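[1] here is a sequence with its predicted model. Questions after.
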Amino acid sequence: MYADLIAPRSVDDCIKMMERAKSLGYGILGILGDFKVESDLIKTFKVALIDGDPRLRQKLRMGAELILAKPSSLEDARKISPSVDGIIATYDSERPRIDYVSLKQLKRNEGALVIPISYLIRRMVERAQVMRSVYLELKMAMRIGVYPILCSLASEERELVPPRLMISFSEFFFDLKREESKRFIKDFPIYMISKERKLKLKGRS
Amino acid sequence: MKFKVPIDLKERRRYICVKHPEGYPLLDKTRRTLMMIGGLKCLSYSKISIMNLNKAISVIRTSESSIGAVLTALLILKYTECSEIDVIGLSGNLRKMREICSGIKDNMQI
């Protein structure tokens, strides 16, 4: 079962995207934003993005199953990483904003490195060097054991792409085997919302 | 006398069925994007050809080693130039690909 994260702008968009995702072969969809949509078509879970204040996490934890952060600097990443479930990869800069220390902290949280493909590709066409920072972060994450997740983070229905295109993208650009890149959109996102992970984290803040 | 088979013919062929807006210059755009990503990877991916089944559906023929590059190029085109592009199917058999495309064509006419 394939999984994807989306960031719809409205409830209508969200419903259309859920239908489209189902037809493309996705089984689970993470929805970023405060949308209350229920559907029998596809399993969904809530995703939240925090700005920078780690104290917000406790509030968001009640509603969202996955809390992501987008650090603005290396220092920021070190502050945020112990308290979130995932960090968005540096798709908009030539220098990585996530280092070994913050990824180690993220691993203690069984966290994930989220690579938003739609944003990355748009930036990559303007400045090819951004691929380098994502590549470095991905290699560090894989070495440490942080789970890389590949998602479209699409905000419109037509931005959703079939899983096979995402797999071939990561396989091609990040020099991975097909099975490895498949896990980025299959096993890892499912693990992030699984009972196993919750059990592993039991007792931790 | 030995007869040498060109490398292209030894490789397996792959066919990608693509839906796009009518009159979209898919070959030119795909070639240009392949050049761009070829530059990033320091490799060359130029061996593609396109068969237009109708104005809105085309089949891209490529080799097995370039399939990842071509699919990536189509993904880049989708996100940067033409969001209507859709990859419908992928096969190593042209007859199968034609069957898939004719099914899509029938659906479009209905």
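    Cool, the structure landed. Numbering: from 1, shown residues only, chains lettered A, B, ... in the order given.
[2] the residue nearest in space to the middle of chain A: what secondary structure?
    Nearest to the mean C-alpha position of chain A, by CA atoms, centre = their mean, lies A:V114 at 3.0 Å. Of the three states, A:V114 takes strand under DSSP: H, G, I helix; E, B strand; the rest coil.
[3] quick one: the strands in the chain, in order.
    Here I'm looking at chain A. Remark: strands assigned in chain A by DSSP state E are A:2-6, A:26-32, A:43-50, A:66-69, A:86-88, A:112-116, A:147-151.
[4] actually, chain B is the one I wanted.
    B:13-19, B:49-52, B:57-63, B:86-91.
[5] turn those strands into CSV, columns for distance to A:S152.
    C-betas here are computed from N, CA, C, even on glycine. Shown next, in CSV, are those (distance: least, CB to CB, whole Å):
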stretch, distance to A:S152
strand B:13-19, 18
strand B:49-52, 26
strand B:57-63, 22
strand B:86-91, 14
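[6] get me the contact residues on chain A for chain B.
    Proximity of chain A to chain B is confined to A:117-118, A:121-122, A:124-125, A:128, A:131, A:156, A:158-159, A:161-162, A:164-166, A:168-169, A:171-173 under the rule CB under 8 Å from any CB of the partner chain.
[7] can you flag the buried ones in those?
    A:117-118, A:121-122, A:124-125, A:131, A:156, A:159, A:161-162, A:164-166, A:168-169, A:171-173 (16 or more other CB atoms under 10 Å in any protein chain shown).
[8] count of residues packed around A:E110?
    Residues near A:E110, counting by other CB atoms under 10 Å in any protein chain shown, number 19.
[9] give me phi/psi at it?
    A:E110 adopts backbone torsions of phi 50, psi 50, taken as degrees, to the nearest 10.
[10] check contacts around it.
    A:E110 makes contacts with A:85, A:147, A:197, A:200-201, as judged by CB atoms under 8 Å, 6 or more residues apart in numbering or on different chains.
[11] quick one: the helices in chain B, in order.
    For chain B, applying DSSP state H gives helices covering B:7-10, B:26-41, B:67-80, B:94-109.
[12] wait, I meant chain A
    Along chain A, the stretches classed as helices by DSSP H are A:11-24, A:56-61, A:74-80, A:100-108, A:117-126, A:130-144, A:163-173, A:178-185, A:187-192, A:195-201.
[13] what's in contact with the first one?
    Residues external to helix A:11-24 that are found in contact with it (CB under 8 Å, 6+ apart): A:4, A:6, A:8, A:29, A:31, A:35-37, A:39, A:41-42, A:44, A:154-157, A:160-163.
[14] just the buried residues of the residues you listed.
    Taking 16+ other CB under 10 Å as the criterion, what is buried in the contacts of helix A:11-24 is A:4, A:6, A:8, A:29, A:31, A:35, A:42, A:44, A:154-157, A:160-163.
[15] B:I100 is in contact with B:G89, correct?
    Yes - in this structure B:G89 lies within contact range of B:I100 using CB atoms under 8 Å: 4.3 Å.
[16] residues shared between the contacts of those two?
    Taking CB under 8 Å, 6+ apart as the criterion, B:G89 and B:I100 both touch B:C17.
[17] so which bits of chain B are right by chain A?
    Counting by CB under 8 Å from any CB, the residues of chain B close to chain A are B:36-37, B:39-41, B:67-69, B:71-72, B:74-76, B:78-80, B:83-84, B:87, B:90.
[18] low-confidence ranges in chain A?
    A:52-62, A:203-205 (pLDDT under 70).
[19] go with 80
    By pLDDT under 80, the low-scoring segments of chain A are A:36-40, A:51-63, A:202-205.
[20] before we move on, what about chain B?
    Looking at chain B by pLDDT under 80, you get B:1-12, B:40-47, B:100-110.
[21] so which residue is dead centre in it?
    In chain B, the residue lying closest to the centroid (CA atoms, centre = their mean) is B:I60, at 2.8 Å.
[22] look up how far chain A lies from the nearest residue to that one once chain neighbours are set aside.
    Spatial nearest neighbour of B:I60, chain neighbours left out: B:I16 (4.5 Å); criterion: CB to CB, 6 or more residues apart in numbering or on different chains. Distance, B:I16 to chain A, using CB to the nearest CB, to the nearest Å: 10 Å.
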